[in-house]
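# predicted coordinates and the sequence they were generated for:
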Amino acid sequence: MTTNGTTQHTRLAHALAAEDPSVRLRAALAVGSHPDPGLLETLVERCAVEPDFFVRDMLSWSLTRLPRETTLPRIRRELASERPRARSQALHTLSKIGDERAWPWITRDLLRDADDQVARTAWRVAAALVPEDEKRDLADELVTHLGRGNRDVQLSLSRALVDLGNVIAPALEVAAASPRPAVAAHARATELLLQDPETGFDAAIEEAARVVRLGPERAAAAAARTAEC
């Protein structure tokens, strides 16, 4: 015989794995609306394989509704998963929970993960959880990834760096002098965002690339001539 609780768990587990993403979304919402620690394993496993972004986000929200004492250790195990989506979603869930005890779990391996989605999520979580006295070390690590990936990856890195505040300025100054144009431009674009967070990233990258191409002095002279016109 099965108890009502077991029957309910089975029904929800089936709904979370349904073919229709709208059914999965409603199921994840239902689980989060009525938190049940007995569904922890089911939620974590679904996070690792769920293809729909909105459903994954709802699954993470549902996990935040469960007791941290049991949820955090289980999520930590996913950080070492061989499945990139499992690692990425575990990191995303940690960002939602926002518990500073998870900071030591954001390892260099995660920050340097070969999967762009995992790495960019790790950058964001690290910037949110890092203790004040470790921000400079984190900045030194993050700047080593300047120039990596496509526009979205670079934007994620710039945002994570800017979230650390002015402590990133010395590391960016060094990176801006890199002989690699992509690194130098990304560093300069991040400097622009640090100075003015309202600056659009695409505009910052374009301006930074222009400075790298012309050199700081020629770029400044060109800007002055344009202003006079």
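Right, received. Where do you want to start?

# could I get the full set of helices for the chain?
Under the criterion DSSP state H, the chain contains helices at 4-16, 21-33, 40-49, 53-64, 68-78, 84-97, 108-111, 116-129, 135-142, 151-164, 169-176, 181-195, 201-214, 216-228.

# so can I have TSV of those helices showing mean pLDDT and mean neighbour count?
The C-beta positions use only the backbone N, C-alpha and C, and glycine is treated the same way. As requested, the helices of the chain are exported to TSV (pLDDT from 0 to 100; neighbours: other CB atoms under 10 Å):
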stretch	mean pLDDT	mean neighbour count
helix 4-16	81	14
helix 21-33	95	18
helix 40-49	95	19
helix 53-64	96	21
helix 68-78	96	16
helix 84-97	96	23
helix 108-111	97	16
helix 116-129	97	23
helix 135-142	97	18
helix 151-164	95	20
helix 169-176	93	17
helix 181-195	91	22
helix 201-214	75	17
helix 216-228	46	11
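
# contacting residues around the residue most central in space within the chain?
Centroid check for the chain by CA atoms, centre = their mean gives Thr121 as the closest residue, at 2.2 Å. Listed by CB atoms under 8 Å, 6 or more residues apart in numbering, the contact partners of Thr121 are Ser88, Leu91, His92, Ser95.

# the third one and Ser60 touch, don't they?
Yes - between His92 and Ser60 there is a contact at 5.6 Å, judged by CB atoms under 8 Å.

# from Ala102, how far out is the nearest residue to Ser158 once chain neighbours are set aside?
Excluding its sequence neighbours, the residue lying closest to Ser158 (CB to CB, 6 or more residues apart in numbering) is Thr190, at 4.4 Å. Using CB to CB, to the nearest Å, Thr190 is found at 25 Å from Ala102.

# swap in Val49?
The value you get for Val49 to Ala102, if CB to CB is used, is 22 Å.

# and for Ala177?
As judged by CB to CB, Ala177 and Ala102 stand 35 Å apart.

# just want to know which of these two has more residues nearby.
Shown here are Ala177 and Ala102; by other CB atoms under 10 Å, Ala102 has more neighbours (22 against 11).

# wait, what's in contact with Gly98?
Gly98 neighbours (CB under 8 Å, 6+ apart): Ala128, Leu129.

# pLDDT value on it, please?
Gly98 carries a pLDDT score of 93 in this model.

# which phi and psi does it have?
phi 70, psi 30 (degrees, to the nearest 10).

# again, but for His34
According to degrees, to the nearest 10, His34 has phi -130, psi 70.

# next one: Leu79
phi -60, psi -20.

# now do the domain split for the protein, please.
Per the record, the chain has its domains at 1-129, 134-229, by automatic domain parsing.

# and the last one, how far from the chain's centre?
Averaged C-alpha coordinates place domain 134-229 at 19 Å from its chain's average position (CA atoms, centre = their mean, to the nearest Å).

# contacts only, for the residue nearest to Ser158.
Contact analysis of Thr190 by CB under 8 Å, 6+ apart lists Leu146, Leu157, Ser158, Leu161, Val162, Ile168, Leu172, Ala204.
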